[in-house]
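In: A predicted structure for the sequence below; I have some questions about it.
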Amino acid sequence: MPEISGHAVHAVTVGEGVPMVMIHCMLARHEALLALAEAIGGRATLFDVPGHGRSADWDGQTDYQTLVVDAAAAFCDGPTHLIGHSFGATAALRLAVERPDLVNRLTLIEPVYFAAAKGTPEHAAHARMFRPFVGAMLCGEEVKAAELFNNLWGATDWARIPARLQKYLVDRIHLIVAGGGAIEEDANGITSAARLGLLDIPVTLIQGADTQPVISAIHHVLAARIPRATNHVVAGAGHMISLTHAQAVAEIIRAADPETG
């Protein structure tokens, strides 16, 4: 396994053809995007982001989003189609902005760059809904925090999640806090109009029709600021759209570039 800033990162490559690098969401692992990779076609490299799957634990010191961005960069062999979901999509966007030499196409599936939506009613509602999670974490109630987070962003009711998977989520819930600053405050200015306006590649935004309202607000801002962005909405899908509606998402990605796959 390659090492990124002292963290061993596990990755797999599937398929043949046009290269892609795929970044999964928080509390998942690379397998969450395998069905989507297969539906798209082409050669996809998927990795477990630090602290997840078979990758090494986060060291608690390195900026978490930076670590994920650096890991994705390490798997880009020249200009690459980068696909990210949720937090993974924020890392993908940041890599495209900071290293345009490595990214020739970008697919962002429900990027949770909350900072982009600041000042909107949807962001205010998001902040209110997230307060119980923050309170649970401050009190050290990680099981409660994991359940609250899953209820907001997951695809399966907490009570229906097997105990082994519940433990996986609880054991990693601290990573939500670790990555929070980058997406809530965007200290690097990735989502600013000035930086996004320089992003001269095709960017496909994909969201579920039944997702959290703040996602629509984020997409609206990103679509307005990125010159070559297109926004797509999948009926009946929520935040975990890349898992629950892989075929529909793949169809959008393939249609955006007939050479894919």
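Out: Yes, it's here.
In: okay, CA-based contacts and neighbour counts for the rest of this
Out: Noted.
In: so where do the strands sit in the chain?
Out: For the chain, strands defined by DSSP state E occupy the ranges 3-4, 7-8, 11-14, 19-23, 43-47, 80-85, 103-109, 203-208, 229-234.
In: quick one: strands adjacent to the last one?
Out: If I follow you right, that is strand 229-234. For strand 229-234, sheet partners with direction are given as strand 203-208 (parallel), following DSSP bridges.
In: Next: the second one.
Out: Strand partners for strand 7-8, identified by DSSP bridges, are recorded as strand 3-4 (antiparallel).
In: What mean pLDDT does the partner strand get?
Out: Regarding strand 3-4, the rounded mean pLDDT is 84.
In: same question, stretch 115-124
Out: The predicted model assigns stretch 115-124 a mean pLDDT of 98.
In: Break this structure into its domains for me.
Out: According to automatic domain parsing, the chain comprises the domains 3-114+186-256, 121-179.
In: Please work out which of those is packed deepest.
Out: Looking across the domains of the chain with neighbours counted as mean count of other Cα atoms under 10 Å, the highest average goes to domain 3-114+186-256: a mean of 20.
In: So which residue of the protein lies furthest out from the middle?
Out: residue 139 (27.0 Å; Cα atoms, centre = their mean).
In: Contacts for the lowest-mean-pLDDT helix or strand in the chain, please.
Out: Within the chain, no helix or strand scores below strand 3-4, which has a mean of 84 by mean pLDDT, DSSP states H and E. The contact list for strand 3-4 (Cα atoms under 8 Å, 6 or more residues apart in numbering) reads 9, 67, 70-71, 74.
In: which ones among the residues you listed are found in helices?
Out: By the criterion of DSSP state H, membership of those in helices covers 67, 70-71, 74.
In: Which residue ranges of the chain form helices?
Out: Secondary structure of the chain, counting by DSSP H: helices at 34-40, 64-74, 87-98, 121-138, 142-153, 163-172, 174-184, 193-196, 213-225, 241-244, 246-256.
In: Can I get those helices in TSV including distance to residue 110?
Out: Supplementary listing: the helices of the chain in TSV, determined by distance: least, Cα to Cα, whole Å:
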stretch	distance to residue 110
helix 34-40	15
helix 64-74	16
helix 87-98	7
helix 121-138	14
helix 142-153	11
helix 163-172	20
helix 174-184	13
helix 193-196	17
helix 213-225	6
helix 241-244	8
helix 246-256	11
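In: So, low pLDDT: which residues of this protein?
Out: Segments of the chain classed as low confidence (criterion: pLDDT under 70) are 258-261.
In: Can you tell me the centre-most residue of it?
Out: Nearest to the geometric centre of the chain sits residue 88, at 2.4 Å (Cα atoms, centre = their mean).
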